[in-house]
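Q: Structure, please.
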Amino acid sequence: MRISPIHRPVLVALVLAAAGCSAGRVGGPAVHAEGEVRRAALARIVVENRTDRSLAIAFRSTAEPGREVVVGGVAANGEATVAPVLAGEPIVLLARADDGAELRLAARSFEIDAEWVWVIPADAAFGLPPTPDPRP
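A: Residues are numbered from 1 along each chain as shown. Have a look, this model is predicted:
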C-alpha cells in the first residue's frame, strides 16, 4: 500500500501525537502506605469564657497576616472546644465580642496534637481592633 505524498504529513502528525500521549504517566495516583501519610499539623483549643459576653474565636497565621479563620464560638460564662487550629507555626488567637471588641493573645506556636485551654477572665480587657493601613 502506498501513501500519497499529501497524506504523509498527516500520518506523521498522527503517529507523533499517539506517541506523545503514550509517553505520559502510567497508572493512577500514588497511594502511600499508612505510615507514610503526612497528617495535618493541628492542635485543639478549649475556651473557658468567664466574661458576660458571647465570643467568636478566631486565629490569624503570622505567615499570612491578612487571613483570619473563625474556628468557633463560646457563650458568655461558658466553655467550648473550637475547631482545630494550625500547629507548628506561630498564630495569633483572638476572641471577638458581638460589638467588635477583641482580645488578642501574643503570637504562639502549639505542638501538633496538643490541647490547650484558654481561660478568658471576667475582667479581660477587650479593645477595638487596629485599623488596617491603607497603604500598600
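Q: okay, stretch 54-66 in PDB with CA atoms only?
A: Presented in PDB, the C-alpha positions along stretch 54-66 are these (Å, rounded to 0.1, in the frame of the first residue of the first chain):
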ATOM      1  CA  SER A  54     -20.600  35.800  73.800                       C
ATOM      2  CA  LEU A  55     -17.400  35.400  71.900                       C
ATOM      3  CA  ALA A  56     -16.300  34.300  68.400                       C
ATOM      4  CA  ILE A  57     -12.900  32.600  68.500                       C
ATOM      5  CA  ALA A  58     -10.500  33.000  65.500                       C
ATOM      6  CA  PHE A  59      -6.900  32.800  64.600                       C
ATOM      7  CA  ARG A  60      -4.500  34.600  62.200                       C
ATOM      8  CA  SER A  61      -1.400  33.000  60.800                       C
ATOM      9  CA  THR A  62       1.700  35.200  61.200                       C
ATOM     10  CA  ALA A  63       2.800  33.800  57.800                       C
ATOM     11  CA  GLU A  64      -0.400  35.300  56.200                       C
ATOM     12  CA  PRO A  65      -1.400  38.300  58.400                       C
ATOM     13  CA  GLY A  66      -4.500  39.300  56.400                       C
END
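Q: Tell me where this structure has strands.
A: All strands of the chain, identified by DSSP state E, fall at 42-49, 55-61, 68-74, 79-81, 85-86, 91-97, 102-104, 115-120.
Q: Low-confidence ranges, the protein, go.
A: Along the chain, the parts satisfying pLDDT under 70 run over 1-39, 131-136.
Q: Neighbours of Gly100, how many?
A: Using other CB atoms under 10 Å, Gly100 has 9 neighbouring residues. C-beta here means a position set from N, CA and C on the backbone, and glycine is covered the same way.
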